[in-house]
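Asks: give me the fold of what follows.
(2 chains)
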Amino acid sequence: NAGVTQTPKFRVLKTGQSMTLLCAQDMNHEYMYWYRQDPGMGLRLIHYSVGEGTTAKGEVPDGYNVSRLKKQNFLLGLESAAPSQTSVYFCASSYPRGSVYEQFFGPGTRLTVL
Amino acid sequence: GQQVMQIPQYQHVQEGEDFTTYCNSSTTLSNIQWYKQRPGGHPVFLIQLVKSGEVKKQKRLTFQFGEAKKNSSLHITATQTTDVGTYFCAGSTYGGSQGNLIFGKGTKLSVKP
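Replies: Residues are numbered from 1 along each chain as shown, chains lettered A, B, ... in the order given. Next up is the predicted model:
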């Protein structure tokens, strides 16, 4: 099992450009999440999904869109990148193991917007 | 909005010393999880606490959940260089989406050999 994978690992964009980050998991998890991590800010939830075809906003959704067309994939889109979106983006997935919802994280995508 | 505060932000210890990080929530939590992130890595799940007053141990690590389910702590006894990293607490709230977590900002631990 590869677990949670993220593509790409690094990306540099110019202001106004668009891009899509891909997250894939092979653990058949229902729940998937996109976070951003900024220095000193911890992890902040951007969007999440509780199943194929469903998405919902998290704490910091502005400037991002997501899609979950297939259970194993969760895509994060930036339509018009801004320097404030420079961050490390982590995808995670989880499933209920009894009452425990352990989240499994991908390796992250480091995005720089110039 | 709902917040999870974590202190200290940084902790520098000599190898062999103990370390503790504290987590406080503005609201009652249904459960709390702890994660460790090594430098350059991704967060990795350590444990989940659910019951009021719960205490769990993993070797040198002791996790506690407060009686009011608003605070938690992680204590490491006799730190080792392998303990280096950032430790995050993350809480779930009643009424929130199942599985959603509110992360604290983390405590970055450095250990001097």
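
Asks: phi, psi for A:S84 please.
Replies: A:S84 has phi and psi values of phi -70, psi -10 when expressed as degrees, to the nearest 10.

Asks: kindly report the residues of chain B close to chain A.
Replies: B:1, B:6, B:9, B:31, B:33, B:35, B:41-45, B:48, B:50, B:88, B:90, B:92, B:97-106 (C-beta under 8 Å from any C-beta of the partner chain). C-beta here means a position set from N, CA and C on the backbone, and glycine is covered the same way.

Asks: I'd like to know which of the residues you listed are buried.
Replies: B:6, B:31, B:33, B:35, B:42-43, B:45, B:48, B:50, B:88, B:90, B:92, B:99-106 (16 or more other C-beta atoms under 10 Å in any protein chain shown).

Asks: give me the pLDDT value at the most centrally placed residue in chain A.
Replies: Nearest to the geometric centre of chain A sits A:W34, at 2.7 Å (C-alpha atoms, centre = their mean). pLDDT, A:W34: 98.

Asks: hmm, B:S52 is touching B:K70, no?
Replies: No: B:S52 lies out of contact with B:K70 (C-beta atoms under 8 Å); the separation is 10.1 Å.

Asks: tell me which of the two has more neighbours.
Replies: Each of B:S52 and B:K70 has its neighbours counted (other C-beta atoms under 10 Å in any protein chain shown); B:K70 has more, 17 against 11.

Asks: ok, now which ones touch the more buried one?
Replies: The contact partners of B:K70, by C-beta atoms under 8 Å, 6 or more residues apart in numbering or on different chains, come to B:24-29.

Asks: now for those residues, which sits with the most neighbours around it?
Replies: In the contacts of B:K70, the most neighbours by other C-beta under 10 Å go to B:L29, 28 neighbours.

Asks: and it, how far from B:Y22?
Replies: Between B:L29 and B:Y22 the distance, using C-beta to C-beta, to the nearest Å, works out to 14 Å.

Asks: cool, A:V88 as well?
Replies: On the measure of C-beta to C-beta, A:V88 and B:Y22 end up 25 Å apart.

Asks: of those two, give the one with the bigger neighbour count.
Replies: Neighbour tally, A:V88 and B:Y22, criterion other C-beta under 10 Å: the higher count belongs to B:Y22, 18 against 15.

Asks: the more buried one and B:N71 touch, don't they?
Replies: Yes: in this structure, B:Y22 is within contact of B:N71 by C-beta under 8 Å, at 6.9 Å.

Asks: near chain B, which residues of chain A?
Replies: A:31, A:33, A:35, A:40-45, A:48, A:50, A:56, A:58-59, A:90, A:92, A:94, A:96, A:99-108.

Asks: what subset of those residues is buried?
Replies: A:31, A:33, A:35, A:42-45, A:48, A:50, A:58-59, A:90, A:92, A:94, A:101-106, A:108.

Asks: next, the buried residues of whichever strand or helix holds A:L22.
Replies: Using DSSP states H and E, A:L22 falls within strand A:19-25. Neighbour counts using 16+ other C-beta under 10 Å place A:19, A:21, A:23-25 of strand A:19-25 among the buried residues.
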